[in-house]
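*Asks:* Okay, here's the prediction I keep looking at, along with the sequence it came from:
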Amino acid sequence: MDVIIVTNAAPHCEPVLPAIELLPYRIRKVNDAASLLHPQIDLVAVLVDARNDLAEARANCRLLHDSRIRAPVIAVLTEGGLAAVQPDWQVDDVIVTHAGPAEVEARLRLVSSASESTRNGRILNTGYLTIDLDTYSAKLHNQPLNLTYKEFELLRFLAQNPGRVFSREQLLRDVWGHDYFGGARTVDVHVRRLRAKLGSEHEGLIATVRQVGYKFNVPRSKAAPSRHRPSLSRH
């Protein structure tokens, strides 16, 4: 099985992760993460070289995550670089470049197992709302919701944290990312559009907490919908 390393380092430079070359994996090196956006067969993991250019490494990790590549993504960093890794990197694990063969093997084994379990169960059911994390689709009472990418990401994030209140600033950071330069009003606009698509009967799934932000209310039951279906308007 293959391990792919995304790196722009010159061939004569020190290996990204020397210990992995002592393990029984086929190693392929690429310098463009975008080349991996197509399905990869028998792929154990993608290692992203984050030893030097942290901004580029973060961008590559996020690109691979957003592409839903069917393999875990691991950032390889120096000890000093570990402090720069935040949740918005969207990586499955991190590892320091001088890790030994036993640690590398254990991390690959664990993250690959976790990734397989995730792939086999990436459907989020909350009462009568179903969110498919692999196809970026959502259904309300089995009726598809025509959501934009950010609307889906906002709904997914809130639904994965039911009952927890998030400020607009937290949502900007966790849904839009640290590199987003828009204001908090963006959150309000997307919540309003999302509620419109959920319909008046179900807009309360996303509750406003005054002077704080928003939270997701878990549906009370899977009761059949009323005669008035939720709005599936397109934007």
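*Replies:* Cool, got the structure.
*Asks:* so where do the helices sit in the protein?
*Replies:* With helices called from DSSP state H, the chain shows them at 54-66, 101-119, 149-159, 168-171, 185-198.
*Asks:* tally of neighbours for residue 29?
*Replies:* 16 (other CB atoms under 10 Å). C-beta: built from backbone N, CA, C; applies to glycine.
*Asks:* ok, it - contacts?
*Replies:* Shown in contact with residue 29 (CB atoms under 8 Å, 6 or more residues apart in numbering): 4, 5, 6, 7.
*Asks:* so who does the first one touch?
*Replies:* Contacts for residue 4 (CB under 8 Å, 6+ apart) come out as 27, 28, 29, 30, 36, 40, 43, 45, 46, 47, 71.
*Asks:* could those go into CSV alongside pLDDT and distance to residue 183?
*Replies:* What follows is those, written out as CSV (pLDDT from 0 to 100; distance: CB to CB, whole Å):
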residue, pLDDT, distance to residue 183
27, 92, 45
28, 91, 42
29, 92, 41
30, 92, 37
36, 81, 34
40, 59, 39
43, 79, 40
45, 90, 38
46, 93, 34
47, 96, 36
71, 82, 36
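*Asks:* got the buried residues for the top strand by length along the chain?
*Replies:* The longest strand of the chain (DSSP state E) is strand 43-49. Buried residues in strand 43-49, counting neighbours by 16 or more other CB atoms under 10 Å, are found at 43, 44, 45, 46, 47, 48, 49.
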